[in-house]
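S.K.: Next input, structure requested:
(2 chains)
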Amino acid sequence: MNTTLAEKAATPTFSIVMEERKVAAASSAKAVAAKLDFWYGTNQALKNINLNIAENHVTALIGPSGCGKSTFLRCFNRMHDLQADTKYSGSIMLHPENINLVGKEVDPIEVRMRIGMVFQKPNPFPKTVFENVAYGLRLRGFSSRTELAERVEKALRAAAIWDEVKDRLNDSALALSGGQMQRLCIARALATEPEILLFDEPTSALDPIATAKIEELITELRQRVTILIVTHNMQQAARVSDFTAFMYLGELVEVDATSKIFTNPSKKATEDYITGRYG
Amino acid sequence: MSAVMTIEELRRGLSRRKNFDKLFVVVGLLIMMSCLGLLALLFLDLVRDGASRFGWDFLTQFPSRKAERAGILSAFVGTWMIMLVTAVVSLPVGVAAGIYLEEYAPKNWFTGIIEINVTNLAGVPSIVYGLLALGLFVYQFGFGQSVLSAGLTLALLILPIIIVGTRESLRAVPKAIREAAYGLGATRWEVTKDHVLPYSTGGILTGLILGLSRAIGETAPIITIGALSFIAFLPGSPVTGEFPFLNWDWLWSEFTAMPIQIFNWVSRPDQAFQQNAAAAAAILLGMTLAMNAIAIYIRYRFRKKINW
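M.R.: Alright, predicted model coming up:
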């Protein structure tokens, strides 16, 4: 894995590598959702979700608006706990320790320190580029200037934005373009080396060129981190993911290898959605 | 054409609707200009009446029985001492209350009652605060008729303004920013101290200054707690040349303030004192406008830096 990103992209065997990875995936799940239910007040938003998240692969969640895909994603880092009157039942076990991410006994802050998230709209802090990426590290008690600088650079490189911001680390992050901001947010999430990275429609506020860069980045990132992505855009799911899960009305209808879902889905509802009959 | 009306009808109708648009601009401008014009007239009138009294002497003299020798030094200094106490007390208390209500308090009937009462407090007549302060600060706590009592009274008076202002600026911080910080594993206090509070500093300071500019003109409560109208000395300087370099005597000192001085002069029969009152009123008005200008500047500076 020491080749540069550019070299990787140029390698003709890239797709073959991907195929091999898919085979390996069946054996190692990074997280397993089992009988997961979720309520906003009395309104049940998720019903009996069972899903394996393959380690170091991209799993896409697709489905029409209101189907619960973002709600499901936000269970993984307990974002719902910020809201009053929400309730989980069932489990999302994080491997290898077998910690139930939605368990009452598990501290949501501990969960969020292990599971990173990138949001729908780029949301950098109105601080410098450097401080944005360093914030998660500072929360974890890193204070040595050199160590921070090293890790910030590493994260910015991993998010493919280092070359664009290396001379403006002390400028406000709000001066960046939308696409740069989103990659900065990815760098911010990567800096603390999360075990799973959640993407909640990360390109819905971006133009096509910025979107292409983010997608390329997600494809590269799967080498080192398990990714779960919610997307409205089926082409995007087809381009970036290894596995695709189709959700409808709070239930998981079908999950399979992305190539299978998009060419030969086993459920009628999935086929109707993918062929654009609703959603 | 296939539309419901001809092009001529369409244009006629459009021009009529646009005329209403213009009419509103004219009416709005007229109303605004007459309000501003009245204020400007008042200010100019004060300046004209007091013109003969403006000068260094007026600022540096103590009050006197002779109108032409009287100045506003003790009132001017008194006002700033009171404002200092008011700001130092009301800012931390008001901001802490605002943070608690906005960020921490659960939404239930109890906090609902607190919220309604905070808003109600803003409408309590200032004389009532004066009466409260007379009983509590002056007699019960034994602070006497001092700068401290006056500052605390006005701090109570503007507390609701600061709390409401703080809450509004905290609420202006987008949810997405909070989520970003929580998503990295921050605690509620870390989100507040590292993000929400720094990003709303501009709004909070604006609220403070607007509160102070209301307090600076308050007369009733400080008369109630016993401001004097004739003070011919200044308390010891708060900063001294000797260790520990700070002197707290001024807090316990008797005091007067700008509105008291104006009230006193204006109630005298001698015409010359009316001029003094006009000049002092112009200066007080100038102080208020200057504070509002600072508030606007601070808001502008922070808006430029943080633009959601």
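S.K.: Does B:M258 touch B:L284 like I think?
M.R.: Yes. The pair B:M258 / B:L284 is scored as a contact, 4.6 Å apart, by C-beta atoms under 8 Å. All C-beta atoms are positioned from the backbone trio N, CA, C, and that covers glycine.
S.K.: any shared contact partners between these two?
M.R.: B:I216, B:G217 (C-beta atoms under 8 Å, 6 or more residues apart in numbering or on different chains).
S.K.: Tell me how many other residues crowd B:V4.
M.R.: When neighbours are counted by other C-beta atoms under 10 Å in any protein chain shown, B:V4 registers 7.
S.K.: repeat for A:A34
M.R.: 14.
S.K.: That one: what secondary structure?
M.R.: Three-state assignment for A:A34 (DSSP: H, G, I helix; E, B strand; the rest coil): strand.
S.K.: can you check the one 5 residues further on too?
M.R.: Classification of A:W39 into helix, strand or coil gives strand, according to three-state DSSP.
S.K.: Relative to chain B, how far out is it?
M.R.: 18 Å (C-beta to the nearest C-beta, to the nearest Å).
S.K.: which ones are touching that residue?
M.R.: A:W39 sits in contact with A:A45, A:T86, A:K87, where contact means C-beta under 8 Å, 6+ apart.
S.K.: One more: A:L184?
M.R.: A:P122, A:P124, A:V129, A:N132, A:V133, A:L156, A:A159, A:I161, A:V165, A:A173, A:L176.
S.K.: thought the third one was touching A:L169?
M.R.: Going back to what we said before, that points to A:V129. Yes. Using C-beta under 8 Å, A:V129 and A:L169 qualify as a contacting pair, with a distance of 5.1 Å.
S.K.: With neighbour numbers in mind, choose between the two.
M.R.: Neighbour count, other C-beta under 10 Å: between A:V129 and A:L169, A:V129 has more, with 28 against 18.
S.K.: which helices and strands does the helix or strand hosting A:E254 pack with?
M.R.: A:E254 belongs to strand A:251-257 when assigned by DSSP states H and E. Applying 3 or more C-beta pairs under 8 Å, 6 or more residues apart in numbering or on different chains; DSSP states H and E, one finds that strand A:251-257 contacts strand A:43-54, strand A:243-248, helix A:268-274.
S.K.: Among the contacts of A:L184, which lie within helices?
M.R.: A:V129, A:N132, A:V133, A:L156, A:V165 (DSSP state H).
S.K.: Of those, which is the nearest to B:T288?
M.R.: Closest approach to B:T288 among the ones in helices among the contacts of A:L184 (C-beta to C-beta): A:N132, at 40.2 Å.
S.K.: can I get the helices and strands packed on strand A:251-257 in TSV with distance to B:L205?
M.R.: Formatted as TSV, the helices and strands packed on strand A:251-257 follow (distance: least, C-beta to C-beta, whole Å):
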stretch	distance to B:L205
strand A:43-54	41
strand A:243-248	47
helix A:268-274	52
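S.K.: I'd like these laid out as TSV, including mean neighbour count.
M.R.: Below are these laid out as TSV (neighbours: other C-beta atoms under 10 Å in any protein chain shown):
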stretch	mean neighbour count
strand A:43-54	18
strand A:243-248	26
helix A:268-274	18
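S.K.: The ones you listed: which one's closest to B:S34?
M.R.: With C-beta to C-beta as the criterion, B:S34 lies closest to strand A:43-54 of the helices and strands packed on strand A:251-257, at 53.6 Å.
S.K.: Direction included, what does that closest one pair up with?
M.R.: strand A:29-40 (antiparallel) (DSSP bridges).
S.K.: Output the contacting helices and strands for the helix ranked longest in chain B.
M.R.: Taking DSSP H as the criterion, chain B has its longest helix at helix B:7-50. In terms of contacts (3+ C-beta pairs under 8 Å, 6+ apart), helix B:7-50 is packed against helix B:271-305.
S.K.: Please name every helix or strand in contact with the helix it packs on.
M.R.: Using 3+ C-beta pairs under 8 Å, 6+ apart: helix B:271-305 touches helix B:7-50, helix B:73-99, helix B:201-215, helix B:258-266.
S.K.: could the ones you listed be laid out in JSON lines, adding mean neighbour count, mean pLDDT and distance to A:V225?
M.R.: Putting the helices and strands packed on helix B:271-305 into JSON lines (neighbours: other C-beta atoms under 10 Å in any protein chain shown; pLDDT from 0 to 100; distance: least, C-beta to C-beta, whole Å) gives the following:
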{"stretch": "helix B:7-50", "mean neighbour count": "11", "mean pLDDT": "93", "distance to A:V225": "56"}
{"stretch": "helix B:73-99", "mean neighbour count": "21", "mean pLDDT": "92", "distance to A:V225": "36"}
{"stretch": "helix B:201-215", "mean neighbour count": "22", "mean pLDDT": "90", "distance to A:V225": "36"}
{"stretch": "helix B:258-266", "mean neighbour count": "22", "mean pLDDT": "89", "distance to A:V225": "65"}
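S.K.: what sits against residue 159?
M.R.: All of this is about chain A. Neighbours of A:A159 in contact, by C-beta under 8 Å, 6+ apart: A:R183, A:L184, A:I186, A:A187, A:L190, A:L217.
S.K.: My question was about chain B, not that one.
M.R.: With C-beta under 8 Å, 6+ apart, B:L159 has these contacts: B:S90, B:V93, B:G94, B:A97, B:L121.
S.K.: again, only using 10 Å
M.R.: B:L159 is in contact with B:86, B:89-91, B:93-94, B:97-98, B:118, B:121-122, B:129, B:211, counting by C-beta atoms under 10 Å, 6 or more residues apart in numbering or on different chains.
S.K.: now swap in A:P202 and tell me
M.R.: The neighbourhood of A:P202, defined by C-beta under 10 Å, 6+ apart, consists of A:117-122, A:182-183, A:185-186, A:211, A:214-215, A:217-218, A:229-231, A:236.
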